[in-house]
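Trainee: Okay, here's the prediction I keep looking at, along with the sequence it came from:
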Amino acid sequence: MYTRRKFLASTTLAAAGLTLAACRDNAQAGAAQAPAGRTPASAPPAAISGPLNTRAIPATGEKIPVIGMGTSGSFEVGDSAAELDPLREVLKRFFAAGATVIDTAPTYSVAEDRMGALLTEQDLAGKAWLATKLSGVSGREEGMAQFHESLRRLKTDKVALLQVHNLGDLKTQLAVARELKAQGKVRYVGVTHYLESAQDQLTDIVQAEKPDFLQINYSVVSRGAEKRVLPLARDLGVAVMINRAFEDGKLFAQVKDKPLPEALAAAGVGSWAQAFLKFALSHPAVTVVIPATGKPDRQSDNLKAGIGPDLDEAQRQALVAALA
């Protein structure tokens with residue numbers, strides 16, 4: 001499993017030479033979009049050097065890289081070489097950059113199976129900071145059975161984070177997660193949702209339960225989380241993982257053929273994907289963002305968003321205006 005020593009080693013590697021390509025990423029759900037003004041995939045990658053930024057998990061002070069990855073859609077593939085080879089490269093670039101946080105779920109069809117097999121095959125399992133979920137189950141026994149099946153599929157004996165997915169059977173499954181944490185099978189416990197319509201309910205749950213982690217949607221066009229749940233998470237010391245920063249790819253259609261706002265250049269932003277990810281990361285409550293992709297060059301582009309300064313308020317507003 002992921003350790004502080006391995007993280008330091010991986011960031012040293014990244015500082016020595018992080019090679020990242022300038023192509024934009026796809027959506028959290030793995031939807032493929034045509035590049036809008038991006039470098040063609042056949043062009044040589046633009047190389048830059050620098051370690052990924054990290055942020056502390058409030059519950060423990062453990063630092064994790066700010067760019068992670070999701071697996072919904074992107075790792076829900078068959079087992080042919082044509083489908084798996086790009087994922088091998090996606091993972092290779094991810095870990096070479098010093099990234100570690102991988103979010104998945106047992107209800108993402110074969111995503112856990114593919115992730116477990118590829119991490120083991122490439123001897124990367126020890127570097128991964130794995131997050132999975134209790135999803136679509138009811139009752140303690142179902143929750144326990146699903147978790148242990150996730151461990152089998154991921155080829156590991158523990159995970160960093162176990163989340164109650166979309167608040168399903170919340171009271172029971174949160175108790176299951178905390179029981180597993182007490183057993184040392186899980187380091188952190190969290191709750192998730194992906195819709196703004198659920199954020200008031202989620203806010204009340206965070207207030208009452210004070211989980212270690214909260215996973216929620218947040219983007220330049222979906223800013224409802226700014227009203228209550230993100231400020232509360234910051235006040236209570238709850239780490240925040242962001243999903244749907246690309247609105248499942250819809251943001252790229254909105255900016256097709258548009259130039260990046262000039263104000264973003266000072267933050268090192270070189271693509272729309274980087275702009276969208278940096279927007280999410282620039283909120284002070286956010287700990288990590290988890291875009292999903294099955295394309296290596298888009299993975300490299302995502303990772304660039306974790307290097308250099310966050311967006312300041314003027315840069316954030318310039319990006320908001322570009323999407324208006």
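Mentor: Arrived safely.
Trainee: Next up, the contacts around Gly168.
Mentor: Residues near Gly168 by CB atoms under 8 Å, 6 or more residues apart in numbering: 134-138. For every residue, glycine as well, the C-beta is placed using N, CA and C.
Trainee: Tell me the one of the residues you listed nearest Val289?
Mentor: Checking those against Val289 by CB to CB gives Ser135 as the nearest, at 20.7 Å.
Trainee: wait, isn't the closest one in contact with Asp103?
Mentor: No: at 12.0 Å, Ser135 does not count as touching Asp103 under the criterion of CB atoms under 8 Å.
Trainee: which one of these two has more residues nearby?
Mentor: Ranked by neighbour count (other CB atoms under 10 Å), Ser135 and Asp103 place Asp103 first, with 26 against 20.
Trainee: Below-threshold pLDDT in the chain: ranges please.
Mentor: 1-49 (pLDDT under 70).
Trainee: In it, what residue spans correspond to strands?
Mentor: 54-56, 63-65, 69-70, 101-103, 129-134, 159-164, 186-192, 213-217, 239-243, 288-289 (DSSP state E).
Trainee: Quick one: the ones you listed as JSON lines, columns for distance to Leu277 too.
Mentor: Output for the strands of the chain, formatted as JSON lines (distance: least, CB to CB, whole Å):
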{"stretch": "strand 54-56", "distance to Leu277": "14"}
{"stretch": "strand 63-65", "distance to Leu277": "12"}
{"stretch": "strand 69-70", "distance to Leu277": "11"}
{"stretch": "strand 101-103", "distance to Leu277": "13"}
{"stretch": "strand 129-134", "distance to Leu277": "18"}
{"stretch": "strand 159-164", "distance to Leu277": "20"}
{"stretch": "strand 186-192", "distance to Leu277": "19"}
{"stretch": "strand 213-217", "distance to Leu277": "14"}
{"stretch": "strand 239-243", "distance to Leu277": "9"}
{"stretch": "strand 288-289", "distance to Leu277": "5"}
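Trainee: Of these, give the one that comes closest to Gly116.
Mentor: Minimum separation from Gly116 across these (CB to CB) falls at strand 129-134, 9.3 Å.
Trainee: between that closest one and strand 239-243, how big is the angle?
Mentor: Interaxial angle, strand 129-134 versus strand 239-243 (axes from the mean of the first three to the mean of the last three CA atoms, to 10 degrees): 80 degrees.
Trainee: In its sheet, which strands sit next to strand 129-134, and in what direction?
Mentor: Strand 129-134 has its sheet partners listed here by DSSP bridges as strand 101-103 (parallel), strand 159-164 (parallel).
Trainee: how many other residues sit next to Pro284?
Mentor: Neighbours of Pro284 (other CB under 10 Å): 11.
Trainee: Skipping its backbone neighbours, what lies nearest it in space?
Mentor: With CB to CB, 6 or more residues apart in numbering as the criterion, Pro284 has its nearest non-adjacent residue at 6.2 Å, and that residue is Arg234.
Trainee: The stretch 201-324 of the chain: helices as residue ranges?
Mentor: Ranges of helices in the stretch 201-324 of the chain, per DSSP state H, counting those that start in this stretch, are 229-236, 250-254, 272-281, 296-304, 313-323.
Trainee: among those, which is nearest Arg114?
Mentor: Here helix 296-304 is closest among the helices of the stretch 201-324 of the chain (CB to CB), at 15.2 Å.
Trainee: Check the offset of the closest one from the chain's centre.
Mentor: Relative to its parent chain, helix 296-304 has a centroid offset of 13 Å by CA atoms, centre = their mean, to the nearest Å.
Trainee: how far off helix 272-281 does that helix point, in degrees?
Mentor: Using the same axes, to 10 degrees: helix 296-304 against helix 272-281 is 40 degrees.
Trainee: Just list what helix 296-304 packs against, helices and strands only.
Mentor: helix 81-96, helix 272-281 (3 or more CB pairs under 8 Å, 6 or more residues apart in numbering; DSSP states H and E).
Trainee: Out of those helices, which is the most enclosed?
Mentor: Greatest average neighbour count among the helices and strands packed on helix 296-304 goes to helix 272-281 (a mean of 27), per mean count of other CB atoms under 10 Å.
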